[in-house]
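Novice: below are the sequence and a predicted model for it; my questions follow.
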Amino acid sequence: MISIVSTGLAAEGRTVPENEDEVRKMITAELVTGRPIILLDNLSEKRVLESSALASVVTVPYWTDRLLGESEMLHLRNNALWLMTGNNPRLSAELSRRCIRLRIDPRIDMPWLRGGFRHALITEWAQENRSALVHAALTLIQAWIVAGQPLHKTRLGSFEKWSEVMAACWRLRVSPLPRQPQRAIRGIRQRRPDVARVYRDMVGCIPRRTKEGQRPDSVCEERD
């Protein structure tokens, strides 16, 4: 879903090698391709994932390694978003502090048989509604810009700038806003009802409708 919204295509996945030297080679090979999203799929729950190379690459802006089969050193820009998936994955303390964990609990023993989804074919729905999804995400960013680009007080070590900006953007979603940034997002319902519907599906709320001159309690109105 993240890849479809940001790039228009599903992410290409690969597994994580067990050997640390192979992990390093994998990282270099992936960065050489220049892919914006690198997906490490299906982590094993049988072992704790420990990798100093992975811990390093998710925190450094540049990666240096020797070109395979050559003596030449590569200096690669690391702008990729690194994603990992797995059933109950176990990460070392070194990796855990560098990750944002998203847990999906289907509340049934065999989740692959689950039904009753709001969007039965979620990837196809995301492809069809990608413009509205991007618009909704950019609306959050625009609200942060109009609000004066505030920074959150709590910062995450090794990700200081990212954490203070992203936390501030997310806080604007549920916190009172000055009148000017509220006006920047208030008209979504009137101008783009399709965006409002997708926004509601995506984050569980939609921009609140307010009367001119009335300060809103929140940017969002919770789902019924």
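Specialist: Done, it's in.

Novice: starting at the chain centroid, how far to stretch 73-80?
Specialist: 21 Å (Cα atoms, centre = their mean, to the nearest Å).

Novice: go through it and flag the buried ones.
Specialist: Neighbour-count burial for stretch 73-80, counted by 16 or more other Cβ atoms under 10 Å, picks out 76, 78, 80. Yep, even glycine has a C-beta here, placed from its N, CA and C like the rest.

Novice: tell me who's in contact with the residue nearest in space to the middle of the chain.
Specialist: Centroid-nearest residue in the chain: residue 2, 6.2 Å away (criterion: Cα atoms, centre = their mean). The contact partners of residue 2, by Cβ atoms under 8 Å, 6 or more residues apart in numbering, come to 11, 37, 81, 83.

Novice: please report how far it lies from residue 15.
Specialist: According to Cβ to Cβ, to the nearest Å, residue 2 and residue 15 sit 19 Å apart.

Novice: quick check: closest non-adjacent residue to residue 55.
Specialist: residue 94 (4.6 Å; Cβ to Cβ, 6 or more residues apart in numbering).

Novice: again, but for residue 1
Specialist: That would be residue 126: by Cβ to Cβ, 6+ apart, it lies 5.6 Å from residue 1.

Novice: how far off centre is the helix or strand containing the one you found?
Specialist: Element membership for residue 126, per DSSP states H and E: helix 122-128. Here helix 122-128 is found 17 Å from its chain centre; the criterion is Cα atoms, centre = their mean.

Novice: list the helices and strands it packs on?
Specialist: On a contact count with 3 or more Cβ pairs under 8 Å, 6 or more residues apart in numbering; DSSP states H and E, helix 122-128 meets helix 2-7.

Novice: what residues sit buried inside the helix it packs on?
Specialist: 3, 4, 5, 6.

Novice: what about the residue nearest to residue 1, how many neighbours?
Specialist: 21 (other Cβ atoms under 10 Å).

Novice: just to check, it is in contact with residue 3?
Specialist: No - between residue 126 and residue 3 there is no contact under Cβ atoms under 8 Å: 9.5 Å.

Novice: and the pLDDT at residue 222?
Specialist: Turning to residue 222, the model gives it a pLDDT of 39.

Novice: and the helix or strand hosting residue 55, how far from the chain's centre?
Specialist: Using DSSP H and E, residue 55 sits in helix 52-57. Chain-centre distance of helix 52-57: 19 Å, with Cα atoms, centre = their mean.

Novice: show me where pLDDT drops low in the protein?
Specialist: Applying pLDDT under 70 to the chain picks out residues 173-224.

Novice: care to break it down by domain?
Specialist: What automatic domain parsing lists as the domains of the chain is 2-113, 129-222.

Novice: mind putting those domains in JSON lines, distance to residue 121 included?
Specialist: Converted to JSON lines, those look like this (distance: least, Cβ to Cβ, whole Å):
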{"stretch": "domain 2-113", "distance to residue 121": "12"}
{"stretch": "domain 129-222", "distance to residue 121": "12"}
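
Novice: many thanks, I have nothing further to ask.
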